[in-house]
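Got a predicted model here, sequence first, then my questions.
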Amino acid sequence: MNYELLKRKLLNVLFPIDCAGCGKEDEWLCQDCLLKLPLGRKADCFFCEKENQSGMTCPACAANHNLDGVFVCADYSDRIVSGLIKKLKYSFARELGEVLAEIACRYWKKIADEDRFGKLSPQKFIITPIPLHKKRYNWRGFNQAEIIARYFADRQNFAYQDALVRVKHKTPQARLGGAERRENIAGCFAAHGENLTGKKILLIDDVATTGSTLDEAARVLKSAGASKVWGLVIAKG
Ligand SMILES: [Zn+2]
Ligand SMILES: [Zn+2]
């Protein structure tokens with residue numbers, strides 16, 4: 001038996017494929033449970049959580065942040081959502097990224113129907129994932145943010161660009177507190193590829209906690225000329 005097949009079989013034992021909602025076999029999330037999943041309801045400033053119409057960063061927080069706003073698709077306290085995100089991180093099952101992207105597509109339709117974009121003209125967004133460092137990428141075999149980003153861009157007809165690279169490999173953010181996270185992530189990204197002057201970027205990640213990774217990525221993209229940088233995450237947790 002080759003190594004890949006062995007790994008696959010082992011992972012199937014550790015992470016059997018069944019619906020995170022109802023347990024039905026052979027699917028990570030069945031259609032019924034996907035349709036029932038509660039989507040993000042309120043829009044607020046990601047940093048201070050003051051409510052507003054679109055999810056933009058409020059003027060007070062904008063003074064010391066680079067991100068113009070964040071779309072949060074679902075609720076991390078929902079056990080299906082947090083379960084899928086954890087499984088994507090640890091199970092090496094890349095199809096899970098597409099399940100999460102499907103949640104993002106449903107959320108996007110909902111906020112479009114509710115006319116939440118205002119003057120944002122979201123059709124001009126270029127989709128960019130938060131990159132992984134090569135070392136981590138090689139270990140996991142894929143970047144979960146990239147899988148979500150590519151699927152989302154494809155389904156929504158957005159342009160896609162790998163506009164960032166990760167130039168430093170650091171301790172995973174999850175083990176750190178707020179101020180340490182900001183320090184830890186500083187200098188980790190560099191702009192990459194085509195000219196970004198005047199471009200509007202939608203940065204994709206699976207989950208954001210304090211927003212320091214997205215904010216640092218936004219800083220780098222704006223230094224490279226991007227005019228607006230928003231984030232889209234499946235959940236805040
Ligand atoms: Zn189900
Ligand atoms: Zn704020």
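Yep, that arrived. Ligands and ions are numbered 1, 2, ... in the order given.

residues in this structure within reach of ligand 1, list them.
19, 21-22, 24, 30, 33 (Cβ under 5 Å from the ion). Bear in mind the C-beta positions are built from the backbone N, C-alpha and C, glycine included.

Now the buried members of these.
When the residues of the chain next to ligand 1 are checked for burial by 16 or more other Cβ atoms under 10 Å, the buried set is 19, 21, 30, 33.

Just the ones of those residues in helices?
Members of these lying in helices (criterion: DSSP state H): residue 33.

Make CSV from the buried ones among the residues of the chain next to ligand 1 and add distance to residue 198 to it.
As requested, these are exported to CSV (distance: Cβ to Cβ, whole Å):
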residue, distance to residue 198
19, 44
21, 43
30, 43
33, 41
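
Using a markdown table, lay out the buried ones among the residues of the chain next to ligand 1 together with pLDDT.
Formatted as a markdown table, those follow (pLDDT from 0 to 100):
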| residue | pLDDT |
| --- | --- |
| 19 | 94 |
| 21 | 94 |
| 30 | 95 |
| 33 | 96 |
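
Now, the buried ones among the residues of the chain next to ligand 1 that are in strands?
Using DSSP state E, no member of these falls within strands.

Of the buried ones among the residues of the chain next to ligand 1, which is the nearest to residue 226?
Distance to residue 226, by Cβ to Cβ, is smallest for residue 33 among those, at 36.7 Å.

Leaving out sequence neighbours, find the closest residue to the closest one.
Spatial nearest neighbour of residue 33, excluding adjacent residues (Cβ to Cβ, 6 or more residues apart in numbering): residue 21 at 2.9 Å.

Ok, residue 160 next?
Here the residue nearest residue 160, using Cβ to Cβ, 6+ apart, is residue 153, at 4.0 Å.

Against residue 237, how distant is that neighbour?
24 Å (Cβ to Cβ, to the nearest Å).

ok, the two, which is more surrounded?
Shown here are residue 153 and residue 237; by other Cβ atoms under 10 Å, residue 153 has more neighbours (21 against 16).

is it true that residue 112 lies in a strand?
No: counting by DSSP: H, G, I helix; E, B strand; the rest coil, residue 112 is not found in a strand; it is helix.

Give me the distance between it and residue 118.
Between residue 112 and residue 118 the computed distance is 12 Å (Cβ to Cβ).

ok, what's across the strand from the residue most central in space within the chain?
Against the mean C-alpha coordinate of the chain, by Cα atoms, centre = their mean, the closest residue is residue 205 at 1.8 Å. Using DSSP bridges, the bridge partners assigned to residue 205 are residue 233.

Tell me which stretches of the protein form strands.
69-72, 125-129, 159-160, 164-166, 189-191, 200-208, 228-236.

Which of these sits closest to ligand 2?
strand 69-72 (10.2 Å; Cβ to the ion).

Off-centre distance for that closest one?
In terms of Cα atoms, centre = their mean, to the nearest Å, the centre of strand 69-72 is found 10 Å from the chain centre.
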